[in-house]
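Colleague: Dropping the sequence and predicted coords here.
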Amino acid sequence: MATALQRNPGSSSGDGRIQISLFSLITCLLVIAFSISLIGLVFQFIAVHRIDNQSNDHINNTGAAALIRGGASAELESAKTNKKATIAYTVTITGCSEKHNSVKEATSLITQGAAVLQHSIHLAHSSSNYDYQMYAFVHPAATSCSVNALQRLGYQVLIRNTPLDTSDIATKFLRENIDKASCCGAKEFLKLYAYTLKEPVAVILDLDSLVLRPMDALFDVMLMEEKEYGGGDEMRKKKLLNQLPIHRNTRDDHDGVTATLYNKRIDTFYTKDYNMINPGGEKYAGVQGGFLMLRPDEDTFAEYIDLVLQGNYIEGRGWGGKYGYFFGGAQVQGLCSYYFGEIHPDKGVELNRCRINQMADAPRFDMNMKEERYRDARGKCRDGRKECEDCRETELKDILSVHFTLCGKPWQCVGFKDPDSLCSKLHSEWFRIRRSLEESTRDDNTDGNESQLLPRPKKLGGAGSYRPEIYHGYCTGVGERSYIPLTI
């Protein structure tokens, strides 16, 4: 007989089992949901971490690539973005020398000097705390042979007329003779346009110049009064002044007392050309026109023009009857000598010409001078001091800038007899920097400043075999016709 199962109404065992099963199911579902959420968070963390690593890898790889391309460390890259100020460098083109050169020949000559000068400045400022900008003041008569070449080299070209009308000069002698003196006549006053620039410091150079080292100490001193450039530190000022390459024992104030630099604002640094004066005239020697470091100022520019128009240039004696009676003295060299020697002796400081604007000039008068009146000057220092440095013996490492005057122009392929002479070494530096220019390309310059990038020359290297230790393959012999020109 089959037994039938009967539910005991008083028993709860069946309901309990059902309740336990539902509780377990809900618990399991919660655990699974929590586990899924946890796994999701873990995967999200891993994904974010991987993205972060990839991002860092991208940054590191980008930095490494920049390091390889530019060859610069992170510190140098940082320094580029922390430059103190921009320094203006100016050159002046007054004509194309139509009597001696065709426009094409003049363009080539201008290119040689302008290209190598700019690249020398570019190299010097690669280790400087200051940025730079190249300017060229070009007279309308010189546009055909200069503007295109200079613009391609990154110069900001400013077309300017002579800053005064010579017919307005008050005195007859200067009015009638100012254009007859020196190479350029009144056009040379184009150099004064440097005073109209917006940069805090401007450096006037000639195309036959070269910058070998940063001149930050000079910039620092000129800007030390300016709060925006970190000025106002008197201890630092004294330290800097003691380190400057100053021409000693020749700067006197109006009272004949040696001028102190510690309590005055310096507006100009310059060098003098003692080769242009006779014995006894050292106090009135001309300011060398191939180098002037100045503080731009429109009022100073106007003052210079007024001085020229006043015409206080006395025949046979010079500006103020004292300054500038030598070749070119009626223009910038004599005018600036008059300005800093007579009008504003407190505004300028003469630098050591063996360190700045080095020309390798002889320090003493010739022992064989024939004039009897100069007998006592034979063998004495041209600058009037008892002892004087011989610039021809200055170490190359101590020279900041060069002016190729007495040594001849590099593109003339001068045949130096002594390969160890300073002139030989200075010419070798010019050709070394020219080769550096030819080896540089736009890709090598990663500072992002398009105005400073130098175009790649059309030809690299030189085939000249004459004295390669000096001319680096760019001269086939002696003389300008032996020079292998740089073409941009």
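Modeller: Looks like it came in fine. Please read all numbers here as calculations on a predicted model, not as lab measurements.

Colleague: give the contact list for residue 147.
Modeller: 138, 157, 159 (C-beta atoms under 8 Å, 6 or more residues apart in numbering). Yep, even glycine has a C-beta here, placed from its N, CA and C like the rest.

Colleague: Could I have the PyMOL command that selects the buried members from these?
Modeller: Buried residues within the contacts of residue 147, by 16 or more other C-beta atoms under 10 Å, are selected in PyMOL with:
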select buried, resi 138+157
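
Colleague: which ones among the contacts of residue 147 are found in strands?
Modeller: 138, 157, 159 (DSSP state E).

Colleague: Go through these and say which is closest to residue 326.
Modeller: Minimum distance to residue 326 across these is 27.3 Å, recorded for residue 138 (C-beta to C-beta).

Colleague: partner residues bridging the closest one?
Modeller: Per DSSP bridges, the residues bridged to residue 138 are residue 93, residue 159.

Colleague: Return the mean pLDDT over stretch 147-167, rounded to an integer.
Modeller: The predicted model gives stretch 147-167 an average pLDDT of 96.

Colleague: Which of the three states applies to the nearest residue to residue 315 once chain neighbours are set aside?
Modeller: The spatial neighbour of residue 315 that comes closest, neighbours along the chain excluded (C-beta to C-beta, 6 or more residues apart in numbering), is residue 173 at 4.8 Å. Counting by DSSP: H, G, I helix; E, B strand; the rest coil, the backbone at residue 173 sits in helix.

Colleague: My guess is residue 374 contacts residue 279. True?
Modeller: Yes - Residue 374 is in contact with residue 279 according to C-beta atoms under 8 Å; the separation is 4.9 Å.

Colleague: Mind listing the shared neighbours of the two?
Modeller: Common neighbours of residue 374 and residue 279 (C-beta under 8 Å, 6+ apart) are residue 365.

Colleague: ok, of the contacts of residue 147, which one's closest to residue 382?
Modeller: residue 138 (34.7 Å).

Colleague: So the closest one sits against residue 160, correct?
Modeller: Yes - contact criterion C-beta under 8 Å: residue 138 and residue 160 qualify, at 7.1 Å.

Colleague: count of neighbours near residue 422?
Modeller: Per other C-beta atoms under 10 Å, the neighbour tally for residue 422 reads 23.

Colleague: dump the residue contacts of it.
Modeller: 360, 391-394, 396, 407.

Colleague: will you turn those into CSV that also has pLDDT?
Modeller: Below are the contacts of residue 422 laid out as CSV (pLDDT from 0 to 100):
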residue, pLDDT
360, 96
391, 95
392, 95
393, 95
394, 96
396, 96
407, 96
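
Colleague: and of the contacts of residue 147, the nearest to residue 339?
Modeller: Once C-beta to C-beta is applied, the member of the contacts of residue 147 that ends up nearest residue 339 is residue 138, at 24.7 Å.

Colleague: separation between that closest one and residue 190?
Modeller: To residue 190, residue 138 is 8 Å away according to C-beta to C-beta, to the nearest Å.

Colleague: tell me, what's touching the two both at once?
Modeller: 92, 160.
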